[in-house]
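>>> Next one to model:
(one chain, ligands or ions: 1)
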Amino acid sequence: MKCTNCGNNAVYKIQSPEGTIYLCIDCNLKHEQAQSLEFERNARLLNKLAGDFEMAVGLPLGIPRIPIPPPPAIHTRDLKLNSIKIDRSNIGVLNTGTIKTLRHVVTTLNNSGDKDAAAAIKALTEAVAAEQKIQAEEKNKILDILSLLASEATVPKEARRKAGMRPLMIELMTIFGGIPGLLQLWQQYSPVIAGLFDIKL
Ligand SMILES: [Zn+2]
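This is a model prediction of the structure:
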């Protein structure tokens, strides 16, 4: 049986005022969401009427209210567990375009199976963004360089501009070397990034 709404394979049979309809998993979810929204709307209205009535009478009459269940968790997009997380307080001072590039690269690398590189870029970006001992200007500089390296990593390996990435890696190594809180992270993740360009530091 096909879904009455979209034509995919149906798994639900529903009696509606218009007759029997068949729904696939997706369309049934939408159907149930629509129903619970309608229920919730009605319940809110009845609860409000009860409140209005009690107010008009001037006494709390204890009219029972309809409990409104919390809305179900609806994931309309893929959960991006691997996406870069940056605290709201830090996002304001960071270059939005750079963060967008870094997020895009992490997603791309994850999708292409280069999970280690994605994890390295994600970890370094999050740590730099959250580090309190460096100024916003310095953070943006580091993330700018990191985003250049990261973008180049999305190119097929044989086409990457490896020699061109070397000065950037050395620049980052120098900067990270001067920030005690980030040095350990750099030592952990820089070999992964260097490996993307066959760079030996
Ligand atoms: Zn459907």
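>>> switch to C-alpha atoms for all contacts and neighbour counts from now on
Will do.
>>> now this structure, which segments are flagged as low pLDDT?
In the predicted model of the chain, residues 71-82 satisfy pLDDT under 70.
>>> what are the ranges of the strands in it?
Counting by DSSP state E, the chain has strands at residues 12-16, 19-23.
>>> contact partners of stretch 45-62?
Stretch 45-62 is touched from outside by 63, 65, 66, with contacts defined as CA atoms under 8 Å, 6 or more residues apart in numbering.
>>> So for it, what gets flagged as buried?
For stretch 45-62, a neighbour-count test (16 or more other CA atoms under 10 Å) marks 47, 50, 51 as buried.
>>> what does stretch 8-19 give?
Here stretch 8-19 shows 8, 10 as buried, counting by 16+ other CA under 10 Å.
>>> which of the buried residues of stretch 45-62 lies closest to the ion?
Nearest to the ion among the buried residues of stretch 45-62 is residue 47, at 34.0 Å by CA to the ion.
>>> Pipe the buried residues of stretch 45-62 into TSV and attach distance to residue 33 per row.
Compiled in TSV, the buried residues of stretch 45-62 are given as follows (distance: CA to CA, whole Å):
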residue	distance to residue 33
47	21
50	26
51	27
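>>> Which ones, among those, also lie beside the ion?
Near the ion, judged by CA under 5 Å from the ion, there are no entries from the buried residues of stretch 45-62.
>>> returning to what we had before: tell me the one of the contacts of stretch 45-62 nearest the ion?
Of all the contacts of stretch 45-62, residue 66 has the smallest distance to the ion: 31.5 Å, by CA to the ion.
>>> how many neighbours does that closest one have?
By the criterion of other CA atoms under 10 Å, residue 66 has 13 neighbours.
>>> and if you look at the one 3 residues further on?
Each residue near residue 69 was counted by other CA under 10 Å, and the total is 8.
>>> Distance check, it against the ion.
Plainly put, residue 69 is 26 Å away from the ion if you go by CA to the ion, to the nearest Å.
>>> Next up, phi/psi of that residue, please.
When read as degrees, to the nearest 10, the backbone of residue 69 gives phi -70, psi 150.
>>> One more: residue 60?
phi -70, psi 110.
>>> quick one: it and residue 42, what's the gap?
Using CA to CA, to the nearest Å, residue 60 is found at 22 Å from residue 42.
>>> mind listing the helices for the chain?
Assigned by DSSP state H, the helices in the chain fall at 25-57, 88-91, 96-111, 115-130, 136-152, 162-177, 180-196.
>>> CA-only coordinates of the second one in CSV, if you can.
C-alpha atoms of helix 88-91 as CSV (Å, rounded to 0.1, in the frame of the first residue of the first chain):
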residue,chain,number,x,y,z
ARG,A,88,27.4,32.3,22.8
SER,A,89,29.7,34.7,24.7
ASN,A,90,32.6,33.9,22.4
ILE,A,91,30.8,33.8,19.1
